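Enquirer: Kindly return the folded structure for what I paste below:
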Amino acid sequence: MNHQSFFHRLYTSHQACPTCPSPEAISRFYIDLLGALFADFTQLSHLNEAAFFQHMEKLKKTLESLLQSNSPRIGSPTAIADNFFEALPTIYDKLQRDVDAMFEGDPAAKSRSEVIRTYPGFYAIAAYRVAHELHSQNVHGIPRIITEHAHSRTGIDIHPGARIGEHFCIDHGTGIVIGETTVIGNHVKLYQGVTLGALSVNKEDAERKRHPTLEDNVVVYAGATILGGETVIGHDSVIGGNVWLTRSVPAHSKLYYQAKMFNGETNETDLVVFRQDKKS
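Expert: Residues are numbered from 1 along each chain as shown. Next comes the predicted model:
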């Protein structure tokens, strides 16, 4: 079989994208940036202050280079890199509050350093916050590669377009999915296997809000699935394990499954909705 025409097609595709940043290069930028932000990941104590400043400038130039070769490209790579590094102190402060949330919310956590060094939730949230800043500047491709890098490492899938508030906690985390148009308030905690998804995957819905909203102080336990762009979980609510929701619930609600017994055996469950008598 003559493969020349097929090989020519492959060759042409490479010529059309001679400097496209590879996923490996983008992931490496994220890893190096995280190491610069948190000494728990990378020891840079051997650098003097001037050398550390140079290291940060090198990271900025690396981002500018990735943006320069990224396709499609919207806006000036230099301006986007400048804006991103201007936002870096805010990103850092948000991540510190996320670490607080995970440390305070997990009795097994012995130190904040342990959370930073070992918790997959922190790694995925950090990737999201970096990617979200780039996404907010209309950068395409690179943010998704950053969050997919974290997804492959942690099993936590957070779309960079999601809007997530402060003091965010992911416990364990494996199997969590947070869709593109999800909105999450402050002081929210998710356990493993939670899906914040869409009711449909029709392409014509791409510009619509397809994913749920979780207001402040919501806890969602393992395996729960919450779907739909009009679904709102009111503040201070608790969603129990394996609950399936496609409708809104008011503030201060508790939803969980309760086993029903027949002839001494458990063979059916009922969804129980309990609302505390508090002002919303």
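
Enquirer: CA atoms for contacts and neighbours, from now on please.
Expert: OK.

Enquirer: how much space between the spatially closest residue to K110 that is not a sequence neighbour and V130?
Expert: Closest residue in space to K110, ignoring its immediate chain neighbours: F103 at 7.7 Å, by CA to CA, 6 or more residues apart in numbering. Per CA to CA, to the nearest Å, F103 is found 21 Å from V130.

Enquirer: isn't the residue nearest to K110 right up against T118?
Expert: No - at 11.8 Å, F103 does not count as touching T118 under the criterion of CA atoms under 8 Å.

Enquirer: between those two, who's got more neighbours?
Expert: The neighbour comparison of F103 against T118 (other CA atoms under 10 Å) goes to F103, with 22 against 12.

Enquirer: and that one, what element?
Expert: Here F103, judged by DSSP states H and E, is contained in helix 77-105.

Enquirer: For that helix, enumerate the helices and strands it packs against.
Expert: helix 49-69, helix 112-118, helix 120-136, strand 169-170 (3 or more CA pairs under 8 Å, 6 or more residues apart in numbering; DSSP states H and E).

Enquirer: Spatially nearest residue to the most centrally placed residue in the chain (excluding sequence neighbours)?
Expert: Most central in the chain under CA atoms, centre = their mean is I158, positioned 3.3 Å from the mean C-alpha point. The spatially closest residue to I158, leaving aside those adjacent along the chain, is I178, at 4.8 Å (CA to CA, 6+ apart).

Enquirer: for that neighbour, phi and psi?
Expert: Phi and psi for I178, reported as degrees, to the nearest 10, are phi -120, psi 110.

Enquirer: Run through the bridge partners of V183.
Expert: R163, T213 (DSSP bridges).

Enquirer: Number of residues surrounding it?
Expert: For V183, the neighbour count with other CA under 10 Å is 21.

Enquirer: OK, contacts around it?
Expert: If a contact means CA atoms under 8 Å, 6 or more residues apart in numbering, then V183 has A162, R163, I164, H211, P212, T213, L214, E215 as its contacts.

Enquirer: how does it look with 7 Å?
Expert: Neighbour list for V183: A162, R163, I164, P212, T213, L214 [criterion: CA atoms under 7 Å, 6 or more residues apart in numbering].

Enquirer: next one: P212
Expert: P212 neighbours (CA under 7 Å, 6+ apart): T182, V183, L196, G197, I226, L227, G228, G229, E230, T231, V232.
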